[in-house]
Structures are given as structure tokens and as C-alpha cells.
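Student: Quick check, what structure comes out for this input:
(chains A and B)
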Number of protein chains: 2
Amino acid sequence: MIETMILHRSIRKYKSDVIHDSLLTKILGAGIRGSTTGNMQVYSIIINKEEEIKRKLWEAHFKQNMVIEAPVHLTFCADFNRFSKWCEQRNAPPGYNNFLSFFTAAIDALVVAQNVCLAAENEGLGICYLGTVTYMADQIIEILSLPKLVVPVAAIVLGYPNEEPGLTDRLPLDGVIHTETYRNYSKEDIDHIFEAKENLLQNLEFIKENKLETLAQVFTEKRYSRKDNEYFSAQFLKVIEDQGFLINR
Amino acid sequence: MIETMILHRSIRKYKSDVIHDSLLTKILGAGIRGSTTGNMQVYSIIINKEEEIKRKLWEAHFKQNMVIEAPVHLTFCADFNRFSKWCEQRNAPPGYNNFLSFFTAAIDALVVAQNVCLAAENEGLGICYLGTVTYMADQIIEILSLPKLVVPVAAIVLGYPNEEPGLTDRLPLDGVIHTETYRNYSKEDIDHIFEAKENLLQNLEFIKENKLETLAQVFTEKRYSRKDNEYFSAQFLKVIEDQGFLINR
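Tutor: The predicted model follows:
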């Protein structure tokens, strides 16, 4: 298992081979064995294989081609709809239309999502998370007919890899762990932690391509700019509220 | 790996045996290979082993004894502090003090958390998530000296199991998956999906112990009540805002 984890890399090119239902069931069945808050299982998984809806999802996910190419697309949703319906039918008025419940359900959904990813990789499949799921949650809700108290929080594509990318870099482990309390970073710590990343050939080329001075600028100006983050923050907060999870205190 | 996943159960009683540093490093090293948004790794992991701080964490985590008993306590934090400091040092003004960035970092932290759990279980260790981490985030922030742009989103205890609990039940897989679009649940669907859970001997006893009529009431009146959820929603939203992730639109 640890080898599968260490060899993880996101796959963005897929063969057209289908994933047999029995394999998908095995992977999802293993996925839902993961920890869940109070054993409530407050998540749902939407499976998409059909061309028509996958095309709509492709539009929502910034037209990333892997959404169409990969045989399976999974959307993991925070879901307090099913649990609340059960409570209502059992003379137990539910109280889950609040931010804490949303976040609890999001944690549940993400634990299952990562279990599913590892189970899939263990079976020779490739996966890629689509970060666009939170940006475009409103469109995805419409495409997948998600009712109130259901919010998509993770999406992945799944299929047999048609590429063999190398491992991506990671910061040194001691750059992301802290012992006993958080040791805030000095200027020298930051220089040290990011040094290897900044000196990677592909990152140096990335800076040049984008006509920028530093790798950090690629993130702040191109990939994850303040303007985009603020725009999508407002969108995502509106979605959480529109889906019935109140965020007012 | 799939067998490890299927055999997962939360462990709440631990032997006093220490976890060797080399094993912990192996587990955490595998954990950080997980997917991360834009390869930003916007999370931190705080390791606690020392009695003094573990006792404070025990207080915060509703005095659950496993926090003291288990040799290792890990707190997984959404962390845009390190990344923002790097940006500032590289002439790249960061724009990550917003809700989307908080949620992105929370996803990163949860993917690593679940990877770490599976790696640990694969090595014969037991784990248990502590749902109290979001309820008591303000106290945990103080105990662990977490700076702005750092919010705890998951906590686990880790150690060698001193119990062998059976597997907990799960809803039938077709109760949590949907094909192509969300099929909202009819009254009969709900009855069917929750039937096996409601008829479990331990759940029937649970209802009796609590002098209630239905299992759902155990959740709405005792375990996850509206009053508690609303109280902790306000607390957690305040924490997110106090840590510098603006939630105003």
C-alpha cells in the first residue's frame, strides 16, 4: 500500500478502455469503509459515464479534456439530505442546515474520495482530482440535479492511464510537519523549504514561459490569483447558502 | 490495500508501546505523496507525543481518554501561512485570505490525513478521527500556537491497538451512490436504506439506553443536536475568520 501511495501521480491522459462495473463496485465498496462522523455517512457519490452528461461536466470543469476522455467521472458530495429525510421520517426533527454540518459532511466526502482514489490506483487505474469542482459548484449542482443539503466538494476522473508521468516534487517532510507546537517559519526556513522546488528545471522553464521573475508569481498572477480566489469564494459561499447550509451566525 | 480498507475500524483503546520515529516518518512521508491542489501543499501536520501538551489536547477533545493513551496525536491543518510567506519573499503578493483558499487548504489537509490513516493501518497501527477538532478549533489553535492562515481541520490518534472491535455497519452501497444524476430518495428508499442499521442489536439497545423511540432521535437529540450544531457552527466560522480567512462576500 505504501508503495502505491509513494508512486501516486495524477493522470491526465486516459485510454478509452471501460472500467468494468464489478471493478468500480469493488473500489467504491472499499471507499465507503473509511471513517465517517458518528457513522452517519453524510456523503453521496455521483457516477458519470454517459457522453451527454460528461460533456456538460467538461464545460463546467473548464473544458479539461480528461473529463471526456476518462471512462468514469465521480463527484463526491457533502450530503445531509438523505440523513435529514431519515430523521424526518422517524419523528426526529433534524438540525443540519448549518455550516458545521456542511463541513462535517465535506470531511466525510473527502475521506471517501481519497479512499476511492487509493483503491483505484491499487487496481492499476489512474486518477486526477478536478479542483474546478468548488469553483463551478453551482453549474455542477444543476447538471447533476443535486437537491438542498447536497454540495459537491471533490471530483475525480478515473481510467486506465495513457501516459506515464514522473513523480511530482514535494516539499521536504520537515517543511510541513511541526513537533509539539507550530514553529513559525523564518525567512531562512522558507528559502530552505522551497529551494529544491524553485530549482527544478521544469519550474525554471515555467517562469520563463510566463515571462515572470519568480515561481511564486506563477501562482499569484496566473494560477491562483487574488481576483479569481475572491470571485470563487463568493460563488462557493453562495452555493453553500443556496443549498440550505446557513452561514450566518 | 483493499483488504486494509475493508478491515478498517476506529480504535479507541491503545497499548502504551511507542511508535518509532522511523515508522512515523515512513507513514507521514507516504501521506504527503497524496494529491494536492496545484502542488501547493497548503497544509501542516502537528505531531504531539509529550504528556503536557497531550493533556491540554485531551481537555479540548472533550476529555476522550484515547488522546492521552495513544502514543501519537496528529493535527492536520489547512495552512496558507507557509505558502503566503514564500510568496511575500518572492515579490508575489499573495491573495489567499479568503474562504475558497481556506476550503482548498482543508481539502489538501484531509487528503493527507486519510493517506496517513491508511499507511498507519497498513503498518499494523490503529487510528481514530476526533470529530471534536472543528468544535474546539479555537482552543486547539491556542494549544498548538497556530498562526493566522492556519486552521485545524482533522485530528487523529495513532498507536498499537489494545482492542479488536468488529467492523461497524455501513449503508448499502446503492444507498450512497447515484448514476448520472442524483435520484432523490422516496419514503420507501429511506426505509430500505436504513433498515439494516435500525435493526442492529446494538442500535436497538442504544435507543433503549437513551429512553428514546427511534435511532434517528439518538442523533438529533443526543449526539448531533441542532443546538450543538448551531453553537459550534458559530464558533468554527469565527475561528476561520479570526485566522484570517475572510468569509464576508
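Student: so what's the closest residue to residue A:129 other than its chain neighbours up against?
Tutor: What sits nearest to residue A:129 in space, not counting adjacent residues and going by CB to CB, 6 or more residues apart in numbering or on different chains, is residue B:35, at 4.9 Å. For every residue, glycine as well, the C-beta is placed using N, CA and C. The contact partners of residue B:35, taken as CB atoms under 8 Å, 6 or more residues apart in numbering or on different chains, are A:8, A:10, A:117, A:127, A:128, A:129, B:111.
Student: what do you get if the cut-off is 10 Å, keeping everything else the same?
Tutor: A:8-10, A:113-114, A:117, A:127-129, A:131, A:154, A:156, A:168, B:107-108, B:111-112, B:115 (CB atoms under 10 Å, 6 or more residues apart in numbering or on different chains).
Student: Over to residue A:64?
Tutor: A:12, A:57, A:58, A:128, A:130, A:131, A:132, A:157.
Student: In which helix or strand does it reside?
Tutor: In the assignment (DSSP states H and E), residue A:64 maps to no helix and no strand.
Student: The one 4 residues further on too?
Tutor: Using DSSP H and E, the secondary-structure element containing residue A:68 is helix A:66-69.
Student: contacts for that helix?
Tutor: The contact list for helix A:66-69, computed with CB under 10 Å, 6+ apart, reads A:10-16, A:48, A:51, A:54-61, A:73, A:126, A:128, A:130, A:132, A:155, A:157-159, A:162.
Student: hmm, which of these are the buried ones?
Tutor: Neighbour-count burial (16 or more other CB atoms under 10 Å in any protein chain shown) is assigned, among the contacts of helix A:66-69, to A:10-14, A:48, A:54, A:56-58, A:60-61, A:73, A:126, A:128, A:130, A:132, A:155, A:157-159, A:162.
Student: Without its sequence neighbours, what residue ends up closest to residue A:214?
Tutor: Distance criterion CB to CB, 6+ apart; nearest residue to residue A:214, sequence neighbours excluded, is residue B:90 at 3.9 Å.
Student: repeat for residue A:165
Tutor: residue A:9 is the one closest to residue A:165 (CB to CB, 6+ apart), at 5.1 Å.
Student: got the contact list for residue A:82?
Tutor: A:40-44, A:147, A:149-150, B:171, B:175-176, B:184-185, B:189-190, B:193-194.
Student: Surely the residue nearest to residue A:129 is in a strand?
Tutor: No - for residue B:35, which was evaluated using DSSP: H, G, I helix; E, B strand; the rest coil, the result is coil, with no strand membership.
Student: Which of the three states applies to the residue nearest to the spatial centre of chain A?
Tutor: With distances taken as CA atoms, centre = their mean, chain A has residue A:154 as the residue nearest its mean C-alpha position (3.5 Å). Recorded secondary structure, residue A:154: strand (three-state DSSP).
Student: Specify the beta-bridge partners of it.
Tutor: residue A:76 (DSSP bridges).
Student: So for it, what pLDDT did the model give?
Tutor: We have a pLDDT of 98 for residue A:154.
Student: wait, doesn't it sit right on residue A:106?
Tutor: Yes - using CB atoms under 10 Å, residue A:154 is in contact with residue A:106, at 8.7 Å.
Student: Need the overlap of contacts for those two.
Tutor: Each of A:43, A:76, A:77, A:78, A:134, B:107, B:110 lies in contact with both residue A:154 and residue A:106 under the rule CB under 10 Å, 6+ apart.
Student: my guess is the last one meets residue A:129, correct?
Tutor: Same thing as residue B:110. No - checked against CB under 10 Å, the pair residue B:110 and residue A:129 is beyond contact range at 11.7 Å.
Student: Which one's more surrounded, the two?
Tutor: residue B:110 (26 against 21; other CB atoms under 10 Å in any protein chain shown).
Student: in which helix or strand would I find the more buried one?
Tutor: Going by DSSP H and E, residue B:110 is in helix B:99-122.
Student: which stretches of chain A form strands?
Tutor: A:43-48, A:72-79, A:126-129, A:150-159, A:177-179 (DSSP state E).
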